[in-house]
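K.L.:
attaching a predicted model along with its sequence, questions to come.
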Amino acid sequence: MKIVIVSILALGFAAGGAVAAPAGGDPVRGKQLYYDHGCYGCHGYGGQTGAWNLVGTSSPIVNNAQAFLFFLRQRGGFSPMIPSLAMPRFSEAALPDAQALDIQAYIKTFKLDAPDVDSIPLMGQIEASAAKSYDPGK
Amino acid sequence: MSNDADTRKLVGRRGFLKGAAVAPAAMAVSAPELADAQTRVAVQAAAAASAGATAVPAPTPEQVARETSATPPQTPTPTVKVPGSDLMVEVLKRLGVEFCTSNPGSSFEALQESLVNYGDKPNTMPEFITCLHEETAVDMATGYGKAEGKPMVALLHGTLGLQHASMAIYQAYYGGVPMVIIAGRDDGFIQAHTANDMAAMVRSFTKWDAHPKTLPEALDVLQEAYRQAITAPTGPVVVILDTEIQKAEGAGVAIPTYRPPVIPGIDAATAERLAARLLAAKNPRLSVGKLRTPEGVKNAVKLAELVGASTATQSTSGPMSFPNRHPACGPGADTAYDFTLGLESGPADVAMMGPTIASIAALRDKMGVAFGGLRASPAPTTAPGGGGSKIGEKIDIDAEASLPALIAVVEKAMTPARRRAIADRVAKNAAANQKATVEGVHKALEAKRVGWNNSPVSLGRIYAELAPLIENEDWCLASPTAFSGSHHRDLWNHDKPYSYLGPQPAGGIGYGAGASAGAGLAARERKRIVINIQTDGDMNFAPGVLWTEAHHGLPVLSIMHNNRAWHQELMFLEFMAGARGRGTDRAHIGSTLRDPFIDYKKMAEAYGVAGEGPITDPNELAAAFKRGIASVKAGKPYLIDVITQPR
């Protein structure tokens, strides 16, 4: 899947020719836009729950401004006959570049919250329970 | 005229409705048969109306006095020695019906009076469970039926109660959940509450219905309804009981002897053939779907242990399947299976699959509604609700009813040499399956650690925090879990037929709270606890169920999955707006529960349920869950409001 996305992005840049590198966004404004546009709906309030993890990835979609904008504009530009949980398309009219980059700036402030399994006692308990012999009488 | 107006005001709404309602019925009989004064007045009114007059005759002074309580009401003369409704309750007692959920209605006061007063231990077997909405009454019967694999009664009021309950009945039908629905019918009181063919409203999504005309027939019908409900395809059935029959003289009327249904299983030759294949296989497997009752699960375990088969289960997707951490459950030591037997499931070389609701849907759907999902399937080997593809030979027979015969043949054919070979296979499979379980749990925890300390709380953490707290409890997870990530599937030990009751049978929201309370009925009698991961959208359809939980002491721990939205719809709307290039910043309109946020702790308190929250710090979950579990173990429902990540 990653290969496909990167290929599409490459084609998109080629088709678009020389594009000026967008300026960086404002994470403060981005926080409100992340909420207003419902990004939290699929990505969680911290970008690491739900459908797609936005944190700790090297994906250019998250890390590169042009890739981010291209991804928002080009994806999902169709209207399926059944409801879809796929990521929406964000047109420039609905989400101008500057606002989109504000959102990207906010996304980049997310910190990965994923402690090691071994460091969480509760997880050790769950693993120990799974390793127990089956007790049909319990 | 002014006198008439004044008098009508005194009569009030109730008296007016009563008089008006009687009129049409009264016209069908001769006047001398109508004894009471009010009915005579109604006949006069009807006669006047038919003559073109517009005035309504004034009530008699006695009627006015009765309605306004100016004088004591007339003492009714006892008319029967043994109320017919007592005999109806006796039938239910002998059938072992534990509960009757209901919201009171004027078409069954006789039956309700018998339920609460008749017998050595009145209001037991069945116990009258007070509901605040008929949809709740039926959802509770669904939760109970899923947990126990047997029916209870939902008692509904005429046309109105049936209509209130109709969505829940529809879901029970889709899920093949056994229950007996009784609808009262009073043709002489409020006309708008009655109908000639009452059951027609729900006929296209109930398995069977009947409208007995005499008391003896009613007693037979109640027994037949029970048989129909528990016979494959199991499902909701409806009995219409007229008030006249409920109030009829029962002296001298005998209660018929109950004959359990005979549910066909495989014949002797088929049992021999399948047993031979299982015993000849070097690496047999059972693919276990949803069976009807706990007895079926018990026999599936027995067969797997006897022949040393590894098994596939659906227990993490719904009730009445194979325990998921039994040593036989899992891929086994060798995944090259040489014979797979399906029990209501595929894939399999041979699968026994009993009739489902889909097989009778067209027969019951006389109006031709053709509900999606119940239409005739072009793929006859597809098993609704379970794996269905790749079935070599499908035997159209109820698997649960077939297991005793199959087990008997296997036991008879067992030899010491076979036992040794099977014991060796069982040990290898057990080791492999436990390894797979441990690896699966570790992999799941690796995924769930992401967002572990997030606030709002991650849903994986809710299930993880609950895992050790319920490990040594007898628990039932009653709510659907798809929206909250179904994290129990890989973290919890589903070792009972009722461990997880599965999704909304027809995907209808508003089901979870009622189903959990119904599971609470079963749990209260059996010292188990119910876990309800309660989505906020679902809770708000009929939150009065919380009062029912408090009033009846149901051990239900409700943990709010409070994402302040009908979140799936929010995402659908976002995609639609994006596809049209109009942006997603208004998609919250109509799909979120904000401005204001709902305070579920206060909601619970209003209905008499203790609770706490809202919790936003995941480190507070464990202590709250411990308090909740302690409460429900003491017979008191508890609600914990947790502000969660959306998914």
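P.N.:
Done, it's in. Numbers count the residues shown, from 1 in each chain, chains lettered A, B, ... in the order given.

K.L.:
relative to residue B:513, how far out is residue B:532?
P.N.:
7 Å (CB to CB, to the nearest Å). For every residue, glycine as well, the C-beta is placed using N, CA and C.

K.L.:
any shared contact partners between those two?
P.N.:
Residues touching both residue B:532 and residue B:513 (CB atoms under 8 Å, 6 or more residues apart in numbering or on different chains): B:479, B:558.

K.L.:
which pLDDT does the model give residue 100?
P.N.:
No chain was given, so I picked chain A. pLDDT, residue A:100: 97.

K.L.:
chain B was what I was after
P.N.:
Per-residue pLDDT puts residue B:100 at 98.

K.L.:
and it, that's in a strand?
P.N.:
Yes: the assignment for residue B:100 is a strand, going by DSSP: H, G, I helix; E, B strand; the rest coil.

K.L.:
does it touch residue B:153 like I think?
P.N.:
Yes: contact status for residue B:100 versus residue B:153: in contact at 4.3 Å, counting by CB atoms under 8 Å.

K.L.:
name the nearest residue to the residue nearest the centre of chain A, sequence neighbours excluded.
P.N.:
Closest residue to the average C-alpha location of chain A: residue A:54 at 3.8 Å, with CA atoms, centre = their mean. Leaving aside its sequence neighbours, residue A:54 sits nearest to residue A:47 (CB to CB, 6 or more residues apart in numbering or on different chains; 3.6 Å).

K.L.:
which element is the one you found on?
P.N.:
Under DSSP states H and E, no helix or strand contains residue A:47.

K.L.:
I'd guessed it sits against residue A:110; true?
P.N.:
Yes: between residue A:47 and residue A:110 there is a contact under CB under 8 Å: 4.1 Å.

K.L.:
more crowded one of those two?
P.N.:
Shown here are residue A:47 and residue A:110; by other CB atoms under 10 Å in any protein chain shown, residue A:47 has more neighbours (27 against 20).

K.L.:
got the contact list for that one?
P.N.:
A:53, A:54, A:55, A:107, A:110.

K.L.:
report pLDDT for the residue nearest to residue A:54.
P.N.:
Taken from the predicted model, the pLDDT recorded for residue A:47 is 92.

K.L.:
how about residue B:449?
P.N.:
Residue B:449 is assigned a pLDDT of 94 by the prediction.

K.L.:
for it, the count of nearby residues, please.
P.N.:
So residue B:449, with other CB under 10 Å, has 21 neighbours.

K.L.:
which stretches of chain A form helices?
P.N.:
With helices called from DSSP state H, chain A shows them at A:2-16, A:27-36, A:40-43, A:60-63, A:65-74, A:97-107, A:121-131.

K.L.:
per-residue pLDDT of residue A:11, please?
P.N.:
You'll see residue A:11 listed with a pLDDT of 42.

K.L.:
look up how far residue B:282 lies from the nearest residue in space to residue A:103 that is not next to it in sequence.
P.N.:
Leaving aside its sequence neighbours, residue A:103 sits nearest to residue A:30 (CB to CB, 6+ apart; 4.6 Å). Per CB to CB, residue A:30 is found 62 Å from residue B:282.

K.L.:
looking at these two, which is more packed in?
P.N.:
For residue A:30 versus residue B:282, the count of surrounding residues by other CB under 10 Å is larger for residue A:30: 22 against 12.

K.L.:
any idea how far residue B:226 lies from chain A?
P.N.:
Look at residue B:226 and chain A: by CB to the nearest CB, to the nearest Å, they are 31 Å apart.

K.L.:
residue contacts, that residue?
P.N.:
Taking CB under 8 Å, 6+ apart, one finds B:95, B:97, B:151, B:180, B:258 in contact with residue B:226.

K.L.:
can I have the buried ones of those residues as a PyMOL selection?
P.N.:
In PyMOL, a selection of the buried entries from the contacts of residue B:226 looks like this (16 or more other CB atoms under 10 Å in any protein chain shown):
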select buried, chain B and resi 95+97+151+180
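
K.L.:
which of the contacts of residue B:226 fall within helices?
P.N.:
Using DSSP H, the contacts of residue B:226 in helices are residue B:95.

K.L.:
what's the closest of the contacts of residue B:226 to chain A?
P.N.:
residue B:151 (27.3 Å; CB to the nearest CB).

K.L.:
picking that back up, and which of the contacts of residue B:226 is nearest to residue A:86?
P.N.:
For the contacts of residue B:226, the minimum distance to residue A:86 (CB to CB) is 42.0 Å, reached by residue B:151.

K.L.:
now do the same for that closest one: its pLDDT.
P.N.:
For residue B:151, pLDDT reads 98.

K.L.:
that one against residue B:126, yeah?
P.N.:
No: judged on CB under 8 Å, residue B:151 makes no contact with residue B:126 at a distance of 10.5 Å.

K.L.:
quick check: neighbours shared by those two?
P.N.:
Overlap of the contact sets of residue B:151 and residue B:126 (by CB under 8 Å, 6+ apart) consists of residue B:97.

K.L.:
quick one, what contacts the residue nearest to residue A:103?
P.N.:
A:101, A:102, A:103, A:104, A:105, A:106, A:107.

K.L.:
count the neighbours of the fourth one for me.
P.N.:
Using other CB under 10 Å as the criterion, residue A:104 is surrounded by 25 other residues.

K.L.:
just the first one next, same as before
P.N.:
Burial of residue A:101, expressed as a neighbour count using other CB under 10 Å, amounts to 21.

K.L.:
which residue is the nearest non-sequential neighbour of it?
P.N.:
Leaving out its chain neighbours, residue A:101 is closest to residue A:25 (CB to CB, 6+ apart), at 3.4 Å.

K.L.:
show me where the stretch 251-400 of chain B has its strands.
P.N.:
Listed in chain order, the strands of the stretch 251-400 of chain B (DSSP state E, counting those that start in this stretch) span B:284-288, B:310-312, B:339-343, B:348-352, B:391-395.

K.L.:
what strands line up against the first one, and which way round?
P.N.:
In other words, strand B:284-288. Applying DSSP bridges, strand B:284-288 is found paired with strand B:310-312 (parallel), strand B:339-343 (parallel).

K.L.:
now mean pLDDT and distance to residue A:40 too, for those strands, in TSV please.
P.N.:
Listed next are the strands paired with strand B:284-288 as TSV, based on pLDDT from 0 to 100; distance: least, CB to CB, whole Å:
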stretch	mean pLDDT	distance to residue A:40
strand B:310-312	98	37
strand B:339-343	98	43
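
K.L.:
export those strands to a markdown table and tack on mean neighbour count?
P.N.:
Converted to a markdown table, the strands paired with strand B:284-288 look like this (neighbours: other CB atoms under 10 Å in any protein chain shown):
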| stretch | mean neighbour count |
| --- | --- |
| strand B:310-312 | 27 |
| strand B:339-343 | 27 |
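
K.L.:
TSV please, covering those and showing distance to residue A:122.
P.N.:
Formatted as TSV, these follow (distance: least, CB to CB, whole Å):
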stretch	distance to residue A:122
strand B:310-312	29
strand B:339-343	36
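
K.L.:
identify whichever of the ones you listed lies nearest to residue B:435.
P.N.:
Closest to residue B:435 of the strands paired with strand B:284-288, according to CB to CB: strand B:310-312, at 12.9 Å.

K.L.:
so which elements touch the strand or helix carrying residue B:405?
P.N.:
Per DSSP H and E, residue B:405 falls inside helix B:399-413. Contacts defined by 3 or more CB pairs under 8 Å, 6 or more residues apart in numbering or on different chains; DSSP states H and E place helix B:399-413 against helix B:268-280, helix B:294-307, strand B:339-343.
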